[in-house]
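Chemist: here is a sequence with its predicted model. Questions after.
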Amino acid sequence: MIEMTRAMAAQAEPAGGIAGWATDLMERLGAPGAGLAIALENLFPPLPSEVILPLAGFTAAQGDMNLIAALVWTTIGSVVGALALYGIGAVIGRDRVRALVARLPLVKVSDLDRTEAWFARHGAKAVFFGRMIPIFRSLISVPAGVERMRLTTFLALTTAGSFIWNAAFVLAGYGLGDNWRTVEEYVGVYSKAVLGVAVLLALLFLVVRIVKARRTATPPPERVGAHRMDYARDFERDRIG
């Protein structure tokens, strides 16, 4: 059956692509191979979970992998990858982040302060729901580590959020069978929309910050006029004196 899985993957992806690579891991390691692929996906977001997870479900539907094992191991993989990124954030630490932000143009330390305050209030929700947002589902672990969120809380929220995300795609692949690629098509649109919104917000932030910087650098017309009047008064006083 695993040969059938490989054949289906090959029809939609060139040899050596993501589907073929994930199929190799599942062929060699079984459900732990799916978990390893998802752990790497957390560390390298360009690896698409919308390909790996439905493929794991399809493999389970073919009888080459236990469905429960696929759900358990992919969730374990998500947690392991998230823990690695949490550790990176903890090693970097707040002091290094603040020092880096202080050197960045158009970004102020006060922006970081507001971000930290927001994370202190909403960090739990961000970690949980962030697991269901492409790209951010990996990156959210880093600020959690920087802010040293309680590890037990981080693990609980990451496990719950990751299980929901993984189960949705694994079960979709399991139910769709040969049409498991349909999941990738729909999620691809969702991912592009999320990325587009993120880029738009980043551009909006830069535009607002540049406009504010220019206004600060250029004194208002009334101030320029007042400065000229002061200069003329001083000049006339010096001439008379």
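Modeler: Cool, the structure landed. Residues are numbered from 1 along each chain as shown.

Chemist: and the next helix or strand past the host helix or strand of residue 23?
Modeler: If you go by DSSP states H and E, residue 23 is part of helix 18-29. Counting by DSSP H and E, the next helix or strand C-terminal to helix 18-29 is helix 31-43.

Chemist: list the buried residues in that following helix.
Modeler: Across helix 31-43, burial judged by 16 or more other C-beta atoms under 10 Å covers 31-42. Every C-beta, even on glycine, is put in place using the N, C-alpha and C of the backbone.

Chemist: next one: phi and psi at the nearest residue to residue 30 once chain neighbours are set aside?
Modeler: Counting by C-beta to C-beta, 6 or more residues apart in numbering, residue 65 is the residue found nearest to residue 30 once chain neighbours are left out, at 6.0 Å. The phi/psi pair for residue 65 (degrees, to the nearest 10) reads phi -150, psi 140.

Chemist: what's the answer for residue 135, then?
Modeler: Dihedral angles (degrees, to the nearest 10) for residue 135: phi 70, psi -60.

Chemist: residue 214 - how many residues pack around it?
Modeler: 9 (other C-beta atoms under 10 Å).

Chemist: just the pLDDT at it, thanks.
Modeler: Looking at residue 214, its pLDDT reads 72.

Chemist: what's the answer for residue 159, then?
Modeler: So residue 159 comes in at 95 (pLDDT).

Chemist: what's the answer for residue 151, then?
Modeler: 94.

Chemist: so what's it up against?
Modeler: Residues near residue 151 by C-beta atoms under 8 Å, 6 or more residues apart in numbering: residue 86.

Chemist: can you check residue 81 too?
Modeler: Neighbours of residue 81 in contact, by C-beta under 8 Å, 6+ apart: 38-43, 138.

Chemist: and the gap between the residue nearest to residue 30 and residue 26?
Modeler: From residue 65 over to residue 26 the distance is 6 Å, taken as C-beta to C-beta, to the nearest Å.

Chemist: flag every buried residue along the helix holding residue 23.
Modeler: Neighbour-count burial for helix 18-29, counted by 16+ other C-beta under 10 Å, picks out 18-19, 21-27.

Chemist: out of those, which comes closest to residue 105?
Modeler: residue 18 (36.4 Å; C-beta to C-beta).

Chemist: ok, now how distant is the spatially most central residue of the chain from residue 104?
Modeler: With distances taken as C-alpha atoms, centre = their mean, residue 136 lies nearest the centre of the chain, 2.0 Å away. For residue 136, the distance to residue 104 (C-beta to C-beta) stands at 20 Å.
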